[in-house]
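Trainee: Got a sequence here, can you model it:
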Amino acid sequence: MLSPYIANHVIGDPVRGQALIATWHGQAGLLVALTAPFIGAASDRMGRRLPLLGVVSAGMALGMAVQWWALPEERGLPLWGVGLAIIVTGACYAWSESLHNALLTRAARPAKLGPVSGLGLALGNASSVLLLVFVLLAFALPGQIDIAFLPDAPLFGLDHAAHEPSRIVALLCAFWLVLFAAPIFLYVPDLNSTGERFGDALRHGFGNVLRTIRKLRDHHRNVAHFLIARMLYADGKTAILVVSGVYASGVMGWGVIEMLVFGVVLSVFAVLGGFVGGWLDHAIGAKRAVLLEIAVTFLCLMLMVSMTPEHVLFVVPVDSTAVWPAPLFNTAPEVGYLLAGSLIAISITASYASSRTLMAQLAPADMQGEIFGLYALANSATVWIGPMLVAYFTTMYQSQQAGFGSIALLLLGGLAVLAFVKPPPRAEP
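Mentor: Residues are numbered from 1 along each chain as shown. Below is the predicted model of the structure:
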């Protein structure tokens, strides 16, 4: 909801907006690519992860919150300030991922890594559903639709003309992050501190990362192949998450209410994806699960790109006649986009869970922090390529479809490399 608002109203042009937002996320990815492995190695040397996780979580909350002041015509934050907030939020998210992923093996037994990883993602998406439904009922629908149980105006006196129901999402997400990150710091056991300070650990960690990369090349080639595959397909998944809302708003012409309902539907299916990922890990093994999930993501992406208000499957013309009696998503392209989006929500969430499980199974026990630092690198070293591909093709062809469709190249590359990864032995229950 916030990215489409920034693209369409703050920037004021959906094509330029898609290109700029993709560029900002690319810059965040480049920053993380240069730093995440060293932060992971430093956390290994310090032992404890939670203090550093607290710092980057606070930075992420701040980056989210200040986007409330993103206003048209730069009446609030200047455009570079909006970009900086997005870059900070994206970088802190990736840094936090490398730190909390390294805690996964302390939260579950080896045989339970898949279900626990999937459950965590499912619960995260379930909380997103609750938050989106609250935004829809409390801010977006009041004053727009006359329903008995809705208030007459948005809560807290928010003004639709000032886009406040869209902007409030920034503050709510920051609050939500702080509230639900708290249990990690209160209840998750951390490692023992080694007493080494962060600056010293970071300096020494730099050498550790170089040694780890050489070690992977010489002794852990299977892990190296997986990390390379991860670089490609994770970049594709991230680019889909970044661009899909902007694409739907600009190409399908959906407004705030449609985007919120779309977000709720996708979040509901993403909850299912967390459980599907854990089930597939157990049923067919983590590697086969990831292969299947990426293939489904690719097919769904192609279906989404093929939809416009006038066409389905790229060339089949349609009219604007409703195909079923519903107030929203009632034309053939809208129904097709919604179905493909729902399935891609399952496959992307499932692949996050399965990939994390596969990494935990492949990583040597004494290298978890370093490996998950490199895992974050694999999630972000090329993450700037996906958004930059989108920005390049969007600008080159002045087409959101061309930009969105270019993501498929990364998914196919990831599938090709992943085929060479040897699956880990199945853990005993």
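
Trainee: tell me the phi and psi of residue 255?
Mentor: Dihedral pair for residue 255: phi -100, psi -160, per degrees, to the nearest 10.

Trainee: quick one, what contacts it?
Mentor: Neighbour list for residue 255: residue 249 [criterion: C-beta atoms under 8 Å, 6 or more residues apart in numbering]. Where you see a C-beta, it was placed from the backbone N, CA and C, and this is true even at glycine.

Trainee: residue contacts, residue 86?
Mentor: Counted by C-beta under 8 Å, 6+ apart, residue 86 has contacts 21, 24-25, 28, 63, 67.

Trainee: Need those in TSV (columns: distance to residue 230 and secondary structure).
Mentor: Converted to TSV, the contacts of residue 86 look like this (distance: C-beta to C-beta, whole Å; DSSP: H, G, I helix; E, B strand; the rest coil):
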residue	distance to residue 230	secondary structure
21	23	helix
24	23	helix
25	18	helix
28	18	helix
63	25	helix
67	29	helix
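
Trainee: can I get those residues in JSON lines with pLDDT?
Mentor: Formatted as JSON lines, the contacts of residue 86 follow (pLDDT from 0 to 100):
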{"residue": "21", "pLDDT": "84"}
{"residue": "24", "pLDDT": "87"}
{"residue": "25", "pLDDT": "81"}
{"residue": "28", "pLDDT": "84"}
{"residue": "63", "pLDDT": "94"}
{"residue": "67", "pLDDT": "93"}
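
Trainee: Is it possible to mark the buried ones in those?
Mentor: 21, 24-25, 28, 63, 67 (16 or more other C-beta atoms under 10 Å).

Trainee: Just name the closest of those to residue 404, please.
Mentor: residue 21 (12.2 Å; C-beta to C-beta).

Trainee: right, and the closest one touches residue 246 too?
Mentor: Yes - taking contacts as C-beta atoms under 8 Å, residue 21 lies within contact range of residue 246: 6.1 Å.

Trainee: who touches both of those two?
Mentor: Shared contacts of residue 21 and residue 246 (C-beta under 8 Å, 6+ apart): 3, 7.

Trainee: hmm, back to that, which one of the contacts of residue 86 sits closest to residue 53?
Mentor: Checking the contacts of residue 86 against residue 53 with C-beta to C-beta, the nearest one is residue 63 at 15.6 Å.

Trainee: OK, contacts around that closest one?
Mentor: Contact analysis of residue 63 by C-beta under 8 Å, 6+ apart lists 85-89, 92.

Trainee: now do 10 Å
Mentor: 28, 84-93, 170, 174 (C-beta atoms under 10 Å, 6 or more residues apart in numbering).

Trainee: that older thread, closest to residue 352 out of the buried ones among the contacts of residue 86?
Mentor: Within the buried ones among the contacts of residue 86, the smallest distance to residue 352 is 17.0 Å, found for residue 25 (C-beta to C-beta).

Trainee: Verify the contact between that closest one and residue 88 for me.
Mentor: No - taking contacts as C-beta atoms under 10 Å, residue 25 lies outside contact range of residue 88: 11.8 Å.

Trainee: hang on, the earlier thing: among the contacts of residue 63, name the buried ones.
Mentor: Neighbour counting with 16+ other C-beta under 10 Å marks 28, 84-93, 170, 174 as buried within those.

Trainee: Can you add secondary structure and distance to residue 390 and give these back as a markdown table?
Mentor: Output for the buried ones among the contacts of residue 63, formatted as a markdown table (DSSP: H, G, I helix; E, B strand; the rest coil; distance: C-beta to C-beta, whole Å):
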| residue | secondary structure | distance to residue 390 |
| --- | --- | --- |
| 28 | helix | 14 |
| 84 | helix | 20 |
| 85 | helix | 20 |
| 86 | helix | 14 |
| 87 | helix | 16 |
| 88 | helix | 20 |
| 89 | helix | 18 |
| 90 | helix | 14 |
| 91 | helix | 19 |
| 92 | helix | 22 |
| 93 | helix | 19 |
| 170 | helix | 23 |
| 174 | helix | 26 |
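
Trainee: quick check, nearest of those to residue 207?
Mentor: The closest of these to residue 207 turns out to be residue 91 (C-beta to C-beta; 23.3 Å).

Trainee: per-residue confidence at residue 115?
Mentor: For residue 115, the pLDDT comes out at 69.

Trainee: do residue 144 as well
Mentor: So residue 144 comes in at 69 (pLDDT).

Trainee: Residue 34 too?
Mentor: 76.

Trainee: Kindly tell me how buried it is, as a neighbour count.
Mentor: Using other C-beta atoms under 10 Å, residue 34 is surrounded by 12 other residues.

Trainee: Wait, a helix at it?
Mentor: Yes - Residue 34 forms part of a helix when assessed by DSSP: H, G, I helix; E, B strand; the rest coil.

Trainee: so how far is residue 91 from it?
Mentor: Noted for residue 34: a distance of 10 Å to residue 91, by C-beta to C-beta, to the nearest Å.

Trainee: same check, this time on residue 275
Mentor: Going from residue 275 to residue 91 by C-beta to C-beta gives 30 Å.

Trainee: Could you tell me which residues make contact with the nearest residue to residue 295 once chain neighbours are set aside?
Mentor: With sequence-adjacent residues excluded and distances taken as C-beta to C-beta, 6 or more residues apart in numbering, residue 295 is closest to residue 415, at 6.6 Å. Contacts for residue 415 (C-beta under 10 Å, 6+ apart) come out as 229, 232-233, 236, 290-291, 294-295, 297-298.
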